[in-house]
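A.B. asks: Turn this into a model:
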Amino acid sequence: MNEKKKVLVICRSSVGQMYLGVVLNRIWYMPVLAKTVGEGVLLARENEFSLVLFDADLPDDVRIAAAAAMRADPSLAEVPRVALMTTRIHTIPESLLPEEWAAVVSKPITDIGLLYDVLRRLSEEPRRTPRVPVRMRDEIEEQAPQRYLTAVNISEGGIYLRTHAPLPENTMLHLSFTLPLDPDIIRVAGTVVRSARLGARLETEPGMGLRFIDISEDTRNRIRNFVQWSLIGDLEWESALDSM
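C.D. replies: The predicted structure is shown next:
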């Protein structure tokens with residue numbers, strides 16, 4: 001499994017830090033927390049960050065000064081900076097362009113897929129959609145390597161099935177399963193894009209990763225909603241981010 005990429009989170013609120021730290025961990029990033037730009041600069045001199053996530057709900061002059069301080073320090077000058085702001089705009093407002101933000105993400109965070117897409121683009125993360133751990137039984141139409149396998153994680157883009165006899169890459173399979181709290185059967189096709197046999201690395205679960213193909217929009221939305229609920233459904237994001 002790939003090493004988590006480090007994200008410098010600069011947020012003045014302890015509640016906001018906690019919320020963002022939990023969310024980033026769940027979408028497979030490593031948050032490093034700071035309350036001020038000065039603290040962030042000191043951390044950046046000791047760590048290599050893929051991104052900066054900055055709480056930008058500040059008076060204009062304070063936000064502009066913070067952006068300038070990050071641009072001026074060699075340890076952060078080339079690191080993409082994402083502003084987290086209370087706004088419905090998902091693109092960079094024209095007034096913020098001179099400050100050189102790479103992206104603006106609206107808060108409160110109601111769409112984990114949007115946040116993930118911004119982060120993965122800027123950090124050059126190859127996985128296109130966030131995944132969540134599951135334990136659910138999948139029926140394999142081809143009955144190979146066996147009729148029933150257990151899925152251990154899922155995203156709207158694919159699924160990982162546990163097996164000691166993974167099939168070769170590019171093998172096509174047809175699956176059916178039900179998501180937790182969703183009684184309707186989902187039927188999808190997928191191709192094997194990764195096979196992992198039991199080896200010396202115990203952290204690698206034996207099995208095979210499948211990428212969904214020709215998935216309907218309804219099915220994609222059902223899986224996306226399940227992933228969203230699994231990642232942030234237990235977090236009181238409104239109260240947390242209102243305190244940021």
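A.B. asks: List the buried residues of stretch 63-71.
C.D. replies: Of all the residues in stretch 63-71, those buried under the rule 16 or more other CB atoms under 10 Å are Arg63, Ala66, Ala67, Met70. Just so you know, the C-beta spots here come from the backbone N, C-alpha and C atoms, and that holds for glycine as well.
A.B. asks: Format the residues you listed as CSV; extra columns: pLDDT and distance to Pro166.
C.D. replies: Shown next, in CSV, are these (pLDDT from 0 to 100; distance: CB to CB, whole Å):
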residue, pLDDT, distance to Pro166
Arg63, 90, 50
Ala66, 94, 49
Ala67, 93, 48
Met70, 95, 45
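A.B. asks: Of these, which belong to helices?
C.D. replies: Mapping the buried residues of stretch 63-71 onto helices (DSSP state H) picks out Arg63, Ala66, Ala67, Met70.
A.B. asks: Identify the residues contacting the residue nearest to Glu124 when sequence neighbours are not counted.
C.D. replies: What sits nearest to Glu124 in space, not counting adjacent residues and going by CB to CB, 6 or more residues apart in numbering, is Ser50, at 7.9 Å. Ser50 is in contact with Lys5, Lys6, Val7, Tyr29, Val79, Pro80, Leu122, Ser123, Glu124, counting by CB atoms under 8 Å, 6 or more residues apart in numbering.
A.B. asks: mean confidence for the helix or strand in which Val152 is found?
C.D. replies: Val152 is part of strand 148-155, with elements assigned from DSSP states H and E. For strand 148-155, mean pLDDT is 96.
A.B. asks: Please compute how far the following helix or strand past it lies from its chain's middle.
C.D. replies: As assigned by DSSP H and E, the chain's next helix or strand after strand 148-155 is strand 158-162. Centroid displacement of strand 158-162 relative to its chain, using CA atoms, centre = their mean, to the nearest Å, is 17 Å.
A.B. asks: Then stretch 44-52?
C.D. replies: Worked out by CA atoms, centre = their mean, stretch 44-52 lies 18 Å from the chain centre.
A.B. asks: Do me a favour and get the end-to-end distance for it?
C.D. replies: Stretch 44-52 has an end-to-end distance of 10 Å (CA to CA, to the nearest Å).
A.B. asks: Save the contacts of Ser50 as CSV, and put in distance to Asp184 and pLDDT too.
C.D. replies: Putting those into CSV (distance: CB to CB, whole Å; pLDDT from 0 to 100) gives the following:
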residue, distance to Asp184, pLDDT
Lys5, 36, 94
Lys6, 40, 96
Val7, 36, 97
Tyr29, 32, 95
Val79, 44, 96
Pro80, 40, 96
Leu122, 36, 94
Ser123, 35, 93
Glu124, 36, 90
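A.B. asks: Looking at those residues, which are in strands?
C.D. replies: Using DSSP state E, the members of these that fall in strands are Lys5, Lys6, Val7, Tyr29.
A.B. asks: residues touching the closest residue to Arg45 other than its chain neighbours, list them.
C.D. replies: Taking CB to CB, 6+ apart, and ignoring the residues beside it in sequence, Arg45 has Ser75 as its nearest neighbour in space, at 4.9 Å. For Ser75, the contact set (CB under 8 Å, 6+ apart) comprises Val41, Ala44, Arg45.
A.B. asks: Next one, pLDDT for the residue minimising distance to the centre of the chain please.
C.D. replies: Geometric centre of the chain, nearest residue: Ile27, 3.3 Å, by CA atoms, centre = their mean. Note for Ile27: predicted pLDDT of 93.
A.B. asks: before we move on, what SS does the closest residue in space to it that isn't next to it in sequence have?
C.D. replies: Among residues not flanking Ile27 along the chain, Pro130 sits closest, at 4.7 Å (CB to CB, 6+ apart). At Pro130, secondary structure determined by DSSP: H, G, I helix; E, B strand; the rest coil is coil.
A.B. asks: quick revisit: pull the most distant pair out of the buried residues of stretch 63-71.
C.D. replies: Of all pairs drawn from the buried residues of stretch 63-71, the greatest distance, 10.9 Å, lies between Arg63 and Met70 (CB to CB).
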